[in-house]
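Participant: Fold the following, please.
(one chain, ligands or ions: 1)
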Amino acid sequence: MTDTLVRSCGALRAADEGSTVRLDGWVNRRRDHGGLIFVDLRDHDGLTQIVFDPQQSDFAQAERLRHEDVLRIGGHVRRRPAGTENPKLGTGAIEVGVTSLEILNRSQVPPFQVNSDDAVDENLRLEYRYLDLRRPRMQRNLRLRHRMVKAMRDFFDSREFVEIETPMLIKSTPEGARDYLVPSRIYPGAFYALPQSPQLLKQICMIAGFGRYMQIARCMRDEDSRADRQPEFTQVDVEMSFCTQEDVLETMESCIRYVWKNVLDIDLAPFPRLTHEEAMERYGIDKPDLRFGLELADVGATFAQTEFGVFKGALESGGAVVALRYPGGAALSRRDFDALTETAKEVGAKGMVWIGLVADGVKSSAAKFLTDDDIAAVRAALEAATGDAILLFADSRDVAFGVAGKMRNEVGARCKLRDPGVFAFAWITGFPYLEVDAEGNIFPAHHPFTSPAEGQWELIDTQPRKMRAQHYDMVLNGWELGSGSIRIHKPDQQRRIFEMLGMTKEQVEDRFGFFVKALEFGAPPHGGMALGIDRIVMLAAGEENIREVIAFPKNSVFRDVMMDAPTAVPQGLLDDLYLKSTAPPIP
Ligand code: ASP
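Facilitator: Numbers count the residues shown, from 1 in each chain. Sure thing, here's the model as predicted:
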């Protein structure tokens with residue numbers, strides 16, 4: 001008697017011919033022909049064709065099998081008849097002649113096809129996420145995620161980092177976003193917060209003498225819903241003691257290089273580095289997509305004497321005229337340029353001047369205001385050629401560069417320069433310490449635990465807005481993957497930063513007293529960084545949305561449509577928490 005081999009549905013090969021096997025899986029597809037019933041049985045590993053023949057006692061049951069029924073079968077592996085092999089399947093040389101069938105469970109008719117990756121409405125996918133996750137693409141994405149996270153852990157372990165779990169229920173210490181709050185039943189009227197990141201706890205780990213910390217950390221931020229965001233996300237969170245900025249950059253870059261090599265088998269070139277200032281001047285954005293060139297040119301000097309009102313106005317009030325090349329853009333019609341101008345307006349432009357470098361001269365929206373010399377100078381600045389178009393944006397410096405930067409991405413996409421198979425990483429360093437919002441309020445570009453750039457502490461008393469930070473970002477293909485900084489480790493300096501940000505002594509004591517106290521007890525110099533795992537995996541998987549690499553995400557308006565959350569809770573639960581809702585009842 002031969003032994004029965006238990007195999008996955010992707011395992012069997014021609015060499016297994018003659019074996020007796022057991023397979024467990026789902027009915028991926030059933031075909032009845034020639035008096036035989038063919039079923040593709042599916043599990044995480046692949047598909048195996050199993051065949052029922054009419055002589056067999058289970059045949060009547062096999063006739064009633066439906067998509068997604070769950071089976072255990074026994075049978076003999078045999079070669080498929082010549083000419084019926086399927087070279088696209090690993091198991092395509094064989095089939096299993098079924099000798100026993102056990103139906104472990106039945107399935108309702110699925111609301112969409114599980115056996116293909118055809119497009120399905122996203123809310124339906126999320127409501128039936130368990131079926132969606134059975135589909136090949138989601139199986140691939142989540143397994144890729146697992147391998148990438150494991151490689152990160154392996155890398156940090158090899159460098160003697162220790163993974164330390166930090167709590168989910170902490171004190172409300174906003175880091176720039178709104179905290180999710182958890183009411184305490186035991187302390188009426190008091191709240192825990194869910195962590196926006198383990199920032200203060202990982203710094204405290206440094207004070208506690210764990211020189212190298214890492215964690216695959218969950219972070220929660222109560223922000224407004226946006227299609228590319230999730231209220232909770234995962235990051236690889238890192239902190240090191242006695243380190244320089246260079247040490248952190250080297251560590252994080254090596255980690256990514258290790259993951260790309262070991263999981264994707266790609267050797268990454270060293271990441272180029274740009275200062276924040278350079279990135280803004282060359283690409284108009286602090287997360288430039290470096291898969292393509294198309295650098296911006298500041299052509300204000302060319303138009304210093306211009307009588308063209310739009311340019312003159314911007315330049316006289318200290319603004320800029322910024323030029324962008326559109327490869328092959330001269331072929332666009334006037335109407336195409338009008339549509340492109342609308343796109344520019346959507347991203348903040350007041351208008352756009354275009355010049356098409358056609359074979360017999362130029363065509364332009366501002367032909368009568370531009371001299372041949374102007375056009376020649378702009379053309380030279382961009383190294384533009386006949387057949388290209390030139391787009392010009394005039395405004396305050398920030399707006400002109402910002403809009404040109406966004407339009408550079410638009411042009412890059414139109415010219416198919418944003419190849420998802422290319423990975424262009426970069427470092428951006430030397431960010432300004434402070435940002436100013438539309439109302440003139442200042443806040444830290446990173447967070448208030450970031451150290452100012454070396455030699456710039458003095459500016460805090462005189463020109464705080466000029467101060468730069470030891471803050472760096474890693475970017476990939478136009479996405480920010482994460483930020484980090486060298487931290488403040490002296491308590492007085494930390495107090496001084498809080499004060500600059502407008503906090504009173506009492507507020508500092510109340511919110512961050514525990515932290516400043518910890519800094520008083522011999523805090524070592526330290527720094528670190530966090531990278532967003534959802535985004536990293538999304539880009540590695542060639543996906544365009546982080547929900548495609550998260551098992552159970554909220555939808556684009558932050559609802560869990562599978563569990564149906566958030567929802568109202570029974571009054572008794574609110575009473576236990578001393579809470580009274582003033583919200584109108586949920587319809
Ligand atoms: N806590 C920061 C963040 O979540 C990262 C860091 O500074 O390490 O963005």
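
Participant: so residue 28 touches residue 46, yeah?
Facilitator: No: with contact defined as C-beta atoms under 8 Å, residue 28 does not count as touching residue 46 (9.9 Å). The C-beta positions use only the backbone N, C-alpha and C, and glycine is treated the same way.

Participant: quick one: what helix or strand has residue 337 in it?
Facilitator: Residue 337 is part of helix 334-346 when elements are defined by DSSP states H and E.

Participant: neighbouring strands for the next helix-or-strand element following that helix, and are they parallel or not?
Facilitator: Next helix or strand after helix 334-346 toward the C-terminus (DSSP H and E): strand 353-356. Sheet pairing of strand 353-356 (DSSP bridges) gives strand 363-364 (antiparallel), strand 389-395 (antiparallel).

Participant: low pLDDT regions in the stretch 1-150 of the chain?
Facilitator: Applying pLDDT under 70 to the stretch 1-150 of the chain flags residues 1-2.

Participant: can you give me the strands in it?
Facilitator: Residue ranges of the strands in the stretch 1-150 of the chain, as given by DSSP state E, counting those that start in this stretch, are 4-7, 20-33, 36-43, 46-52, 70-79, 94-105.

Participant: From the ligand, how far out is residue 207?
Facilitator: 15 Å (C-beta to the nearest ligand atom, to the nearest Å).

Participant: burial count for the closest residue to that residue other than its chain neighbours?
Facilitator: Excluding its sequence neighbours, the residue lying closest to residue 207 (C-beta to C-beta, 6 or more residues apart in numbering) is residue 523, at 4.7 Å. The number of residues packed near residue 523 is 22, by other C-beta atoms under 10 Å.

Participant: now swap in residue 233 and tell me
Facilitator: Neighbours of residue 233 under the rule other C-beta under 10 Å: 19.

Participant: That one reaches residue 537, doesn't it?
Facilitator: No: using C-beta under 8 Å, residue 233 is not in contact with residue 537; the gap is 11.3 Å.

Participant: And for the helix holding residue 337, what's in contact with it?
Facilitator: If you take C-beta atoms under 8 Å, 6 or more residues apart in numbering as the criterion, helix 334-346 is touched by 332, 349, 351-352, 354, 356, 363, 365, 389, 391, 393, 403, 407, 410.

Participant: Tell me the buried residues in stretch 239-253?
Facilitator: Buried residues in stretch 239-253, defined by neighbour count with 16 or more other C-beta atoms under 10 Å: 239, 240, 241, 243, 245, 248, 249, 251, 252, 253.

Participant: Just the C-alphas of it, formatted as PDB.
Facilitator: Presented in PDB, the C-alpha positions along stretch 239-253 are these (Å, rounded to 0.1, in the frame of the first residue of the first chain):
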ATOM      1  CA  GLU A 239      16.100  55.100  17.400                       C
ATOM      2  CA  MET A 240      19.900  55.100  18.100                       C
ATOM      3  CA  SER A 241      22.100  56.600  20.800                       C
ATOM      4  CA  PHE A 242      25.400  58.400  20.500                       C
ATOM      5  CA  CYS A 243      24.800  58.800  16.700                       C
ATOM      6  CA  THR A 244      25.200  61.400  14.100                       C
ATOM      7  CA  GLN A 245      22.700  62.100  11.300                       C
ATOM      8  CA  GLU A 246      25.100  60.200   9.000                       C
ATOM      9  CA  ASP A 247      24.800  57.100  11.200                       C
ATOM     10  CA  VAL A 248      21.000  57.200  10.900                       C
ATOM     11  CA  LEU A 249      21.000  57.700   7.200                       C
ATOM     12  CA  GLU A 250      23.500  54.900   6.700                       C
ATOM     13  CA  THR A 251      21.400  52.500   8.800                       C
ATOM     14  CA  MET A 252      18.100  53.200   7.200                       C
ATOM     15  CA  GLU A 253      19.500  53.200   3.700                       C
END
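
Participant: The ligand contacts on the stretch 151-300 of the chain?
Facilitator: The interface of the stretch 151-300 of the chain toward the ligand, taken as C-beta under 6 Å from any ligand atom, is made up of 197, 199.

Participant: where along the stretch 151-300 of the chain do the strands fall?
Facilitator: Taking DSSP E, counting those that start in this stretch to define them, one finds strands in the stretch 151-300 of the chain at 162-163, 181-183, 191-193, 212-220, 232-241, 273-275, 297-298.

Participant: Residues of this structure that sit close to the ligand?
Facilitator: When proximity is defined as C-beta under 6 Å from any ligand atom, the chain approaches the ligand at 197, 199, 483, 484, 485, 528, 529, 530.

Participant: Please give me every residue in contact with the fourth one.
Facilitator: I take that to be residue 484. 238, 248, 252, 471, 472, 527, 528, 529, 530.
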